[in-house]
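J.: Predicted model and sequence follow; I will ask about them next.
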Amino acid sequence: MSGYLRSVPQAALSIDLESYWHAELLRRRVDRSKADDRVLPATLPLLDLLLERKVRATFFIVGEIIDEYPALVRRIAAEGHEIGCHGYTHRPLWDLDEATFNAELSLFRAALRRHVPNITPVGFRAPTFSLSPDTVWALAVLARHGYRYDSSVFPIRTPLYGVAGCPAAPYRPAANMVDEDPAAPIWEWPMTAWRIGPLTIPVCGGFYLRVLPMPLILRGLHAAVERGPIVIYLHPWELDTETPRLPLSLRDRFITYHNIGKPMWRRLKILLDQFDFKPMAEVLANKIGASSSQVFAPLDAMDEW
Ligand SMILES: [Zn+2]
């Protein structure tokens, strides 16, 4: 780790705070009235670890969780983490349109106002990385609500999501999500990938952090950080050894459960040893060349909306 990387924030840690049943492969399979959502046992040990390591992160929170666990969200804010929006119900953008997405953002903001009134979110992550050229209308809706950046683009095309060929570092996206447009309403910070020749390897967290060999992930992250800020994501349910195992197909079981619990804890701790993580808004403001308070001063655009 160079002194430069220690002094300039270049790495961000993001936590998508949701229940295990919000995951796309599970959300229609769980009877919520009967199941324990395990949000607290999955999240509290993570907050303890971040406190112990003096690491502040960005928590993209599902709005339902704010209404269900206001004390948890107040603790997250009190410990200096950034609070961003992960929708209100965790429905992906491809299930929404401008009106229903607008309603999701309003519900999220109302939940924050009820329980953590001094927080104005500036960052958004779409459930299931569902931002693509088909759903790019969402960026203008976000801008109208006062959001300053989005982090919802996955750098390879997968069966569910992703935009092949997008830039590696934060950019102002054109409608095709690949080219840059200085007039774009907000910044896009795509998930971090290691680009070697024709290959793009997502080394950004979640399933990929659980499944790829750790030496490859670290090599990729150290290569990527030379070119621009990197961002890691994970879910508290991926750290929870007690996350309920539902009967899924072999493929979906692998995607959802492989290496959750202790192996994921070990990998997170290795990442915390290697990088000086900061909240995304702070890293992005540094890249843009202004203080985060200048670039990310709360807008309160929704009052006029
Ligand atoms: Zn999510």
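T.: Yep, it's here.

J.: If you average the pLDDT over the helix of greatest length in the chain, what comes out?
T.: Taking DSSP state H as the criterion, the chain has its longest helix at helix 98-115. Mean pLDDT, computed over helix 98-115, is 97.

J.: what pLDDT does the closest residue in space to residue 162 that isn't next to it in sequence get?
T.: For residue 162, ignoring the flanking residues on the chain, the nearest one in space by C-beta to C-beta, 6 or more residues apart in numbering is residue 154 at 4.0 Å. Where C-beta positions appear, they are placed from N, C-alpha and C, glycine not excepted. For residue 154, the pLDDT comes out at 90.

J.: Phi, psi for residue 154 please.
T.: phi -100, psi 140 (degrees, to the nearest 10).

J.: quick one: residue 82 and residue 76 touch, right?
T.: No. Residue 82 lies out of contact with residue 76 (C-beta atoms under 8 Å); the separation is 9.1 Å.

J.: which residues are in contact with both of the two?
T.: residue 59 (C-beta atoms under 8 Å, 6 or more residues apart in numbering).

J.: Verify the stated contact: residue 188 with residue 150.
T.: Yes. Counting by C-beta under 8 Å, residue 150 is a contact partner of residue 188 at 5.3 Å.

J.: In terms of neighbours, single out the busier of those two.
T.: More neighbours surround residue 150 than the other of residue 188 and residue 150, with 25 against 22 (other C-beta atoms under 10 Å).

J.: Near the ion, which residues of the protein? Just list them.
T.: Residues of the chain lying near the ion by C-beta under 5 Å from the ion: 16, 18, 127.

J.: and the first one, how many residues sit next to it?
T.: If you count neighbours by other C-beta under 10 Å, residue 16 ends up with 25.

J.: Direction included, what does the host helix or strand of it pair up with?
T.: Residue 16 belongs to strand 11-17 when assigned by DSSP states H and E. The strands that strand 11-17 pairs with in its sheet are strand 58-61 (parallel), strand 230-234 (parallel), strand 277-278 (parallel) (by DSSP bridges).

J.: Of all these, which one is nearest residue 268?
T.: strand 230-234 (6.7 Å; C-beta to C-beta).

J.: So what's the gap between the closest one and the chain middle?
T.: Mean C-alpha position of strand 230-234 versus that of the full chain (C-alpha atoms, centre = their mean, to the nearest Å) differs by 7 Å.

J.: Contacts for that strand next, please.
T.: Contacts for strand 230-234 (C-beta under 8 Å, 6+ apart): 10-16, 125, 151, 189, 191-192, 204-206, 209, 221, 224, 264, 268, 271, 275, 277, 280, 283.

J.: do the same with stretch 19-32
T.: 35, 37-39, 42, 62, 65, 90, 92, 127-128, 160, 235, 237, 240, 243-244, 246, 248, 252, 255-256.

J.: Buried only: go through these for me.
T.: 37-39, 42, 62, 65, 90, 92, 127-128, 235, 237, 240, 243, 246, 252, 255-256 (16 or more other C-beta atoms under 10 Å).

J.: Take the residues you listed and keep only those in helices.
T.: 39, 42, 65, 252, 255, 256.

J.: so the first one sits right up against residue 67, yeah?
T.: No. Using C-beta under 8 Å, residue 39 makes no contact with residue 67, being 11.8 Å away.

J.: Return every residue with contacts to both of these two.
T.: Joint contacts of residue 39 and residue 67 (C-beta under 8 Å, 6+ apart) do not exist.

J.: Check what pLDDT the residue of the stretch 201-305 of the chain at minimum distance from the ion gets.
T.: Across the stretch 201-305 of the chain, no residue is closer to the ion than residue 235, which sits at 6.6 Å (C-beta to the ion). Residue 235 is assigned a pLDDT of 97 by the prediction.

J.: Pull the contacting residues for it.
T.: 15, 16, 17, 18, 20, 23, 206.

J.: For this structure, identify the residue most remote from the centre.
T.: Ranked by distance from the centre of the chain (C-alpha atoms, centre = their mean), the top residue is residue 34, with 27.8 Å.
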